[in-house]
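Q: give me a model of this one.
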Amino acid sequence: MIKKFIHQFASPKTYIYQVDRAYSYIFYISLVLYLVSIFWGLFLTPEDFVQGNSYRIIYLHVPASFISQSLYIAMAIASAIFLIWKVKLSVYLVRSIAPIGAITTFIALNFRLYMGHTYMGDLVGLGCKNCFNVNIIYYVSRLNFFT
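A: As a prediction, this is how the structure comes out:
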């Protein structure tokens, strides 16, 4: 019975039917939980005695980093499943995870900009505040598209 369920659920037709039924519930519940937690973490928590308001980065940066790493591991596992067993559903999964992983990585790397600090500007030695262009230039200069 379990083997039949797994094989049936691995079919894109069955999977899309099941997900379409539950998508709206899951989406709205997770959206409400996300917005409440961000509001609570950024606005309702008390100010730290030593660090002031700058410690509040942990309420967005750390979860975004954790989620983006988890999504990329899930993409690697789904890609391996497709390469080994040729399950078509894993390709859909990889294509749907990739933009979400990119967004969470962007949030994790650039949230300090909105808090009034830059870390890439400090690493490069500029030490300026709100240097979004410096961060983009630094990221792009580290990308190597040809290797």
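Q: any stretches of the protein with poor pLDDT?
A: Scanning the chain with the threshold set as pLDDT under 70 gives 112-147.
Q: can you give me the helices in it?
A: 2-9, 12-39, 61-85, 88-114, 120-124, 132-142 (DSSP state H).
Q: how far is stretch 78-96 from where the chain is centred?
A: Chain-centre distance of stretch 78-96: 19 Å, with C-alpha atoms, centre = their mean, to the nearest Å.
Q: just send the helices of the chain back as CSV, with mean neighbour count too.
A: Where C-beta positions appear, they are placed from N, C-alpha and C, glycine not excepted. Converted to CSV, the helices of the chain look like this (neighbours: other C-beta atoms under 10 Å):
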stretch, mean neighbour count
helix 2-9, 9
helix 12-39, 11
helix 61-85, 15
helix 88-114, 16
helix 120-124, 17
helix 132-142, 13
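Q: make TSV out of these and add distance to Gly52.
A: Converted to TSV, those look like this (distance: least, C-beta to C-beta, whole Å):
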stretch	distance to Gly52
helix 2-9	50
helix 12-39	19
helix 61-85	16
helix 88-114	14
helix 120-124	18
helix 132-142	23
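Q: for Ser37, which non-adjacent residue is closest in space?
A: Residue nearest to Ser37 in three dimensions, not counting chain neighbours: Tyr59, with 7.8 Å by C-beta to C-beta, 6 or more residues apart in numbering.
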